[in-house]
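J.: this one's structure only:
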Ligand code: FNR
């Protein structure tokens, strides 16, 4: 059997010419667990067990859930954070554990903007009728965005002033520094799914008339400022990543041509890991089905230099499908989300199927595959 490309190692380059070596090309994408107990953004033993099991399962890069750079940027009060040192201390044993099982530890840094202050998307809450916004009276908080927009079925958010934008850039920087202190090997900036950065990028939500709205250059300014500022403090031996919504899937919205252009600009600023998701503003209008977002990754990969690490995500559930995506050059790796919730040993099963070496913990040597 020919060697599996999916299970061949790869390096995500860093600024100083070194980089992050991954044992294979199967990445765990960030997935909110809504499992913070004390509403304090401090990760718990659940995060250790959940992310640790994914390292056991053979993922090469385990990316922790959307982790808020500021308290008001949480999707819900059950979200994880990196806005204080108590959170840093709680993440440390988790990143150490992930690494001790041969995986790299990543974290997605996030700010939900207008989509903050919700109940969080847990089945038990939805069944109790608790979904959508939490008002300030009910324990929620004021939300901020690029410009007020009726596109979210949530309470109205306040447009950020220029001072608030500048302060917010500093929140991203401080969170990146804390991510480094917590032992994360990579940060992924959450620029997707209709959250704050995407609210700036998309013409659907960004109706500002100052230098942060209007033209492509203005709408991308907030993100470029974040990347430039983080790049100045993020260690030169650790790679910097981003997750985009490659498409709003709406006419006159943010589109793949914009994403390709911006990916090139961020590459110039030092970003080397690109994950291509889509949508998040208004109801989902895009295609569905196996690998439905792969063409977005392919478009970005084709436009970037070869050393960028571009991953595809979305309904990638099968080993042969994943192998085909990387062998055919559509992407450099795959992110496998919900299939991993159903089976944290997804990469090891895929390795077995593709005739590649598994990377399960030694304790599991008698497992049946
Ligand atoms: C997600 N997703 C997600 N995306 C993101 O960028 N940050 C996040 O924190 C979350 N949280 C989250 C929680 C849960 C429970 C799910 C199922 C999904 C989206 C996720 O990373 C992925 O892009 C999608 O699930 C599509 O990939 P799969 O699941 O089809 O492999």
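T.: Ah, there it is. Just so it is clear, the structure is predicted and the values come from calculations on it, not from any experiment. Numbers count the residues shown, from 1 in each chain.
J.: what sits opposite the spatially most central residue of the chain in the beta ladder?
T.: Nearest to the mean C-alpha position of the chain, counting by C-alpha atoms, centre = their mean, stands residue 108 at 4.5 Å. Residue 108 forms beta bridges with residue 66, residue 188, as assigned by DSSP bridges.
J.: ok, which stretches of the stretch 101-250 of the chain are helices?
T.: 123-127, 162-181, 196-201, 216-219, 221-233 (DSSP state H, counting those that start in this stretch).
J.: take those and lay them out in a markdown table including mean pLDDT and mean neighbour count.
T.: C-beta: built from backbone N, CA, C; applies to glycine. Shown next, in a markdown table, are the helices of the stretch 101-250 of the chain (pLDDT from 0 to 100; neighbours: other C-beta atoms under 10 Å):
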| stretch | mean pLDDT | mean neighbour count |
| --- | --- | --- |
| helix 123-127 | 92 | 10 |
| helix 162-181 | 98 | 18 |
| helix 196-201 | 98 | 28 |
| helix 216-219 | 98 | 16 |
| helix 221-233 | 98 | 19 |
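J.: burial of residue 348, as a residue count?
T.: 24 (other C-beta atoms under 10 Å).
J.: give me the secondary structure label for it.
T.: helix (DSSP: H, G, I helix; E, B strand; the rest coil).
J.: what's near enough to touch it?
T.: 57-58, 358-360, 369 (C-beta atoms under 8 Å, 6 or more residues apart in numbering).
J.: and the buried ones among those residues, selectable in ChimeraX?
T.: Typed into ChimeraX, the line below selects the buried ones among these, using 16 or more other C-beta atoms under 10 Å:
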select :57,58,358,359,360
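J.: residue 197: which of the contacts of residue 348 is nearest?
T.: Within the contacts of residue 348, distances to residue 197 taken as C-beta to C-beta reach their minimum at residue 57, with 29.8 Å.
J.: what's the average pLDDT for stretch 53-66?
T.: Computed over stretch 53-66, the mean pLDDT rounds to 98.
J.: now do stretch 294-311
T.: Mean pLDDT, stretch 294-311: 98.
J.: contact residues of the stretch 101-250 of the chain facing the ligand?
T.: Listed as neighbours of the ligand in the stretch 101-250 of the chain under the rule C-beta under 6 Å from any ligand atom: 108, 190, 192-193, 243.
J.: out of those residues, what pair is the most spread apart?
T.: Maximum pairwise distance among those (C-beta to C-beta): 10.5 Å, between 108 and 193.
J.: ok, now which ones touch whatever residue of the stretch 251-369 of the chain ends up closest to the ligand?
T.: Relative to the ligand, the nearest point of the stretch 251-369 of the chain is residue 337 (2.8 Å; C-beta to the nearest ligand atom). Residues near residue 337 by C-beta under 8 Å, 6+ apart: 28-29, 31, 313.
J.: what angle separates the helix or strand containing residue 266 from helix 221-233?
T.: Per DSSP states H and E, residue 266 falls inside helix 256-268. Using axes from the mean of the first three to the mean of the last three C-alpha atoms, to 10 degrees, the inter-axis angle of helix 256-268 relative to helix 221-233 is 20 degrees.
J.: close to the ligand, is stretch 273-290?
T.: Yes. Stretch 273-290 reaches the ligand (C-beta under 6 Å from any ligand atom) through residue 277.
J.: does residue 176 touch residue 230 like I think?
T.: Yes. Look at residue 176 against residue 230 with C-beta atoms under 8 Å: they come within range, at 4.6 Å.
J.: overlap in contacts of the two?
T.: Joint contacts of residue 176 and residue 230 (C-beta under 8 Å, 6+ apart) are residue 187.
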